[in-house]
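**Student:** structure for the following, please:
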Amino acid sequence: MKLHITYDLSDLSQALKIAEQTAEFADIIGIGSLLIFKEGVKAIQTFKAAFPNKPLFAEVKISEKADEAIALIANAGASYITVLAGASHHTIKKAVDAAKGLDVKIALDLLGAPSIGQSALDAKTLGAHVLILHRPPTTDEETDLDAEFSNVRDNSQLPIFITGKIDESNIEKIRDLRPQGIMIGAAITKADNPAKAAYNFKMLLEK
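**Tutor:** Numbering: from 1, shown residues only. So this is what the prediction gives:
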């Protein structure tokens with residue numbers, strides 16, 4: 001199970017400072033959408049230069065102009081690029097086709113998808129490599145997450161990454177679902193001791 005640490009701060013130097021303390025525990029480094037909105041591809045290029053041997057996950061949630069966007073982000077150094085599952089099949093297919101010659105993988109983000117089960121079913125046919133499932137913001141989050149994870153898993157054999165306000169209070173329940181990856185941001189980057197937090201999460205995922 002991979003630990004994906006998302007650095008979603010608006011300050012690039014601060015994000016890098018925290019990454020220097022924690023990246024050794026990350027299997028995948030996530031460049032958050034907020035950081036990319038602020039800095040553009042410079043954020044990806046800077047992280048690639050700092051951590052050349054770590055796969056970078058650009059959380060850009062592409063919904064249009066897929067071929068141009070994929071080329072831009074891949075050439076900056078990303079290994080994974082997110083595309084919204086709610087985008088048209090034409091857009092998703094264009095993203096996948098663009099990624100083929102650039103040695104990058106397309107992660108289909110299920111956020112806002114009309115039917116996550118159908119999107120999961122369609123993902124393999126469209127050529128996606130990874131699915132991202134967000135924890136639902138409801139009053140019964142864990143029960144809903146169990147149901148949603150089962151819905152996605154029953155409709156796809158692609159790797160599933162789970163994200164969304166994951167912290168010490170829920171990490172073990174999420175781990176027990178056995179996704180291929182868990183994406184953690186603020187619980188590490190905003191911790192009093194980011195390195196200790198990253199280490200603790202890494203140890204929990206290796207149990």
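**Student:** now do the strands in this structure.
**Tutor:** Counting by DSSP state E, the chain has these strands, from start to end: 2-7, 28-31, 56-62, 80-84, 105-109, 130-134, 160-163, 181-184.
**Student:** would you turn those into TSV with mean pLDDT?
**Tutor:** TSV is the format used below for those (pLDDT from 0 to 100):
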stretch	mean pLDDT
strand 2-7	98
strand 28-31	98
strand 56-62	96
strand 80-84	98
strand 105-109	98
strand 130-134	97
strand 160-163	97
strand 181-184	98
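**Student:** any idea how far the helix ranked longest in the chain is from the chain center?
**Tutor:** The helix of greatest length in the chain, counted in residues with DSSP state H as the criterion, is given as helix 141-154. Computed by C-alpha atoms, centre = their mean, to the nearest Å, the separation of helix 141-154 from the middle of its chain amounts to 18 Å.
**Student:** mind listing what's buried in it?
**Tutor:** Along helix 141-154, these residues count as buried under the neighbour rule (16 or more other C-beta atoms under 10 Å): 145, 148, 149, 151, 152, 153. Placement of C-beta: from N, CA and C, glycine included.
**Student:** quick one: which of those residues is nearest residue 100?
**Tutor:** Ranking those by separation from residue 100, with C-beta to C-beta as the measure, puts residue 152 on top at 24.1 Å.
**Student:** give me the pLDDT for the residue lying closest to the closest one once chain neighbours are set aside.
**Tutor:** In this structure, residue 152 finds its nearest non-sequential neighbour in residue 120, 4.5 Å apart by C-beta to C-beta, 6 or more residues apart in numbering. Among the per-residue scores, residue 120 shows a pLDDT of 97.
**Student:** neighbouring contacts of the lowest-mean-pLDDT helix or strand in the chain?
**Tutor:** Lowest on mean pLDDT, DSSP states H and E among the helices and strands of the chain sits helix 141-154, with a mean of 87. For helix 141-154, contacts defined as C-beta atoms under 8 Å, 6 or more residues apart in numbering pick out 110, 116-117, 120, 131, 133, 135-136, 138, 160, 162, 170, 173-174, 177, 179.
**Student:** of those residues, just the buried ones, PyMOL syntax please.
**Tutor:** Provided next is the PyMOL selection string for whichever of the contacts of helix 141-154 are buried by 16+ other C-beta under 10 Å:
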select buried, resi 110+116+117+120+131+133+135+136+160+162+170+174+177+179
